[in-house]
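1. Here you go, sequence then predicted model.
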Amino acid sequence: MRINSAKELIVYQKAFELGRLAYELSLRFPKEETYALTSQIRRSSRSICLNLREAWAKRRYPPTLSAN
């Protein structure tokens, strides 16, 4: 089986689901945490998938060496 994108990776799918769950749970946080803890949790949960996609892109398309 050939994997064509990071979204097909099991680890990506689990991270996406975990990020969605973190977002849903953060909706229940107290209002006073909206700009502190809630914001930080939401950003960090999104960054997991973004980091996986970035790593996948670097693996699939390594930088080319320029000829001098």
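-> Okay, I see it.

2. Just the buried residues of the lengthiest helix in the chain, please?
-> Ordering each helix of the chain by length in residues (DSSP state H) puts helix 39-60 first. Buried residues in helix 39-60, counted by 16 or more other C-beta atoms under 10 Å: Ile41, Ser45, Ile48, Cys49, Leu52, Trp56. (C-beta placed from N, C-alpha, C; glycine too.)

3. Stretch 16-25 too?
-> Going by neighbour count (16+ other C-beta under 10 Å), the buried part of stretch 16-25 is Phe16, Gly19, Ala22.

4. Tell me how far the closest residue to Ile48 other than its chain neighbours lies from Asn51.
-> Sequence neighbours aside, Ala15 is the residue nearest to Ile48 in space, at 4.4 Å (criterion: C-beta to C-beta, 6 or more residues apart in numbering). From Ala15 across to Asn51, the span is 9 Å (C-beta to C-beta, to the nearest Å).

5. which outside residues touch stretch 33-42?
-> Under the contact criterion C-beta atoms under 8 Å, 6 or more residues apart in numbering, stretch 33-42 has outside partners Ala22, Tyr23, Ser26, Phe29.
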